Structure formats: structure tokens, C-alpha cells
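K.L.:
My questions are about this predicted structure, shown below with the sequence.
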Amino acid sequence: GQKDPLIEYKKEAYDLFNKMMFEIQSNTVKYLFRAKFGIQFVSDEGIETIEQ
């Protein structure tokens, strides 16, 4: 028989949403691993940054 267009639409939307969520998570992890974190502290001379 024929497939219900509404059911097919919902399945496609669900698949696209899952793909989007995976891409967001993947890109977030990549960004966090590439980020450089530094420690700032205040001394008598001013603010200094130490990169890790």
C-alpha cells in the first residue's frame, strides 16, 4: 500500500533533528578541544595571563 505522507514527514523531520543535534554536539566538542584556556591573576603590576 501507499505510505502516509504525514508519517513520512515526521520520520524525515526526526532524522534531520537528530542529525542537527549530533552536528551541534560534535562541533561543540571540537571547539572546546581547540580553545586555549588561560589563568588570570592580579599582581601589583596589573593583570597577567598564563596560558596553559
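P.N.:
Perfect, I can see it now.

K.L.:
now Y31: how far from G38?
P.N.:
Distance of Y31 to G38, computed by CB to CB, to the nearest Å: 16 Å. Backbone N, C-alpha and C define where each C-beta goes, glycine included.

K.L.:
ah, wrong one, I meant V29
P.N.:
As judged by CB to CB, V29 and G38 stand 20 Å apart.

K.L.:
Check N27 too.
P.N.:
Distance from N27 to G38, by CB to CB: 23 Å.

K.L.:
swap in K19?
P.N.:
For K19, the distance to G38 - CB to CB - is 35 Å.

K.L.:
what's the answer for L6, then?
P.N.:
53 Å.

K.L.:
With I24 instead?
P.N.:
Counting by CB to CB - I24 and G38 are separated by 26 Å.

K.L.:
pLDDT score for I50?
P.N.:
At I50, the predicted lDDT confidence score is 61.

K.L.:
Quick one: the helices in the protein, in order.
P.N.:
Taking DSSP state H as the test, the helices found in the chain are 5-34.
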